[in-house]
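A.B. asks: Sequence first, predicted coordinates after that:
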Amino acid sequence: MANKRDYYEVLGISKSASKDEIKSAYRKLAKQYHPDINKSPDAPEKFKEVQEAYDVLYDDQKRAQYDQFGFAAFEQGGSNGGPFGQGFASGGFGDVDLGDIFSSFFGGGRRRQRASTSPSKGEDTLTRIRISFMDAVLGTKVTIPVTYDEPCSHCHGSGAESESAMTTCPYCGGRGTISAQQRTIFGVVESEQECPHCHGKGKIIKDPCHTCKGEGYTRVKRELTVNIPAGINAGQQIRVQGKGGRGSNGGPNGDLYVEVLIAPHSDFRRDGNDVHLDVPLSFVDCALGCTIDVPTVYGDVSVKIPEGTQPDQILKIKDHGIKDLRSGRPGNQYIHIKVMTPSKMSRSQRELLNAFKDQTDKKDSEYAKWRSRFKK
């Protein structure tokens, strides 16, 4: 151990250095002395020395042992083997990402997925529209402005003036990627990178399309008419084929999804395919019964109110709800009876009510029955 330099001296830091300072010093020196960057004869040994110092000082336990016992803490029989005696499996790299460091050495370093040169569909896109309650019930047509990339009508997305104006990339052989091998301290690392000549397409255009200037697409603005089917519900989407993001390598556009938002109605309420409506009636109409015209989403319907109808009683009008989007089967409409008590009455009305009250047996009134439960 006589020839070994102090680890703090190797990294050029003080004994009170923080972990961030240790990491920063290590990264700087590792790049400086890496054998693939520095071709001097002593670079490998210096890089090994830097790595060994970092391996000990960044680990809190090893650092404490080193501060107390020096190099003797890592001699044979000590608590830990030296960093390179155990190889890189010693686990002393802390949270430094070696991939980040090596990527700066090798231009990417890690093996990459092979680029696809075949046509692929573009991404789907989403837009939202807001329609009225009745338009959702009955269906409608909506015109919306859209901007998207359309495959060039002349080159059909290839970007070339003609088929003969495009040739297979001679550098990558049409693969869209090139292979590279780099020597590292771990051995030979093979990487696959996007071909810089064809930019991953596998083809080189000799004569660009005069219409799109070699882009393969043109930016267009359109007024798009979308059919909104009867019965659509809030949050449902309508797919418009081919109006989404542009494809690659001549592939088709993605699709545009139009999400429908529905404005609430002032009176009708929707629950699935059923419709609910509050109907105000006088207590006389509820007591005696009557026939009324009730609005539905398809027009007025005559409804018989039974004698003795109670407040908040619910009556059903069958098959007058919203038609199911798939089956076309309609839901029902439910009317909620809201009994209204007059706030002002004429003298004759008051006299009639008093006469009714006098003829009512107080012992049989609903109030009397309810109140009697508390006297038991």
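C.D. replies: All right, it came through fine.

A.B. asks: Below-threshold pLDDT in the stretch 151-300 of the chain: ranges please.
C.D. replies: Judged by pLDDT under 70, the stretch 151-300 of the chain has its weakly predicted residues at 182-188, 249-250.

A.B. asks: Strands of the stretch 151-300 of the chain, start to end?
C.D. replies: 166-168, 177-184, 187-194, 203-205, 217-228, 237-240, 256-262, 269-271, 274-282, 290-296, 299-305 (DSSP state E, counting those that start in this stretch).

A.B. asks: can you tell which of these is closest to I314?
C.D. replies: Closest to I314 of those is strand 274-282 (Cβ to Cβ; 8.5 Å). C-beta: built from backbone N, CA, C; applies to glycine.

A.B. asks: Output the contacting helices and strands for that closest one.
C.D. replies: If you count contacts as 3 or more Cβ pairs under 8 Å, 6 or more residues apart in numbering; DSSP states H and E, strand 274-282 packs onto strand 269-271, strand 290-296, strand 333-340.

A.B. asks: so of these, which one's packed in deepest?
C.D. replies: Highest mean neighbour count among the helices and strands packed on strand 274-282 (mean count of other Cβ atoms under 10 Å): strand 333-340, with a mean of 18.

A.B. asks: quick one: that one to chain centroid distance?
C.D. replies: Here the centre of strand 333-340 is set off from its chain's centre by 42 Å, with Cα atoms, centre = their mean, to the nearest Å.

A.B. asks: could you dump that strand to PDB, C-alpha only?
C.D. replies: The C-alpha coordinates for strand 333-340 follow below in PDB (Å, rounded to 0.1, in the frame of the first residue of the first chain):
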ATOM      1  CA  GLN A 333     -89.500   9.400 -19.200                       C
ATOM      2  CA  TYR A 334     -90.300   9.900 -15.500                       C
ATOM      3  CA  ILE A 335     -92.300  12.800 -14.200                       C
ATOM      4  CA  HIS A 336     -91.800  13.900 -10.600                       C
ATOM      5  CA  ILE A 337     -94.900  15.500  -9.200                       C
ATOM      6  CA  LYS A 338     -94.200  18.700  -7.300                       C
ATOM      7  CA  VAL A 339     -97.300  19.700  -5.300                       C
ATOM      8  CA  MET A 340     -97.600  23.500  -5.100                       C
END
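
A.B. asks: and it with strand 299-305, angle?
C.D. replies: Between the axes of strand 333-340 and strand 299-305, defined by axes from the mean of the first three to the mean of the last three Cα atoms, to 10 degrees, the angle is 60 degrees.

A.B. asks: what's strand 333-340 in contact with?
C.D. replies: Strand 333-340 has contacts (Cβ atoms under 8 Å, 6 or more residues apart in numbering) with 274-283, 286, 294, 296-297, 303, 305, 309-317, 320-321.

A.B. asks: let's go with 7 Å and repeat that
C.D. replies: Residues outside strand 333-340 that contact it (Cβ atoms under 7 Å, 6 or more residues apart in numbering): 274-283, 286, 294, 296, 303, 309, 311-317, 320-321.

A.B. asks: neighbouring strands for it, and are they parallel or not?
C.D. replies: strand 274-282 (parallel), strand 314-317 (antiparallel) (DSSP bridges).

A.B. asks: In a markdown table: these, plus mean neighbour count.
C.D. replies: Shown next, in a markdown table, are the strands paired with strand 333-340 (neighbours: other Cβ atoms under 10 Å):
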| stretch | mean neighbour count |
| --- | --- |
| strand 274-282 | 16 |
| strand 314-317 | 14 |
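
A.B. asks: Let's have those strands in CSV, adding distance to T127.
C.D. replies: Listed next are the strands paired with strand 333-340 as CSV, based on distance: least, Cβ to Cβ, whole Å:
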stretch, distance to T127
strand 274-282, 28
strand 314-317, 36
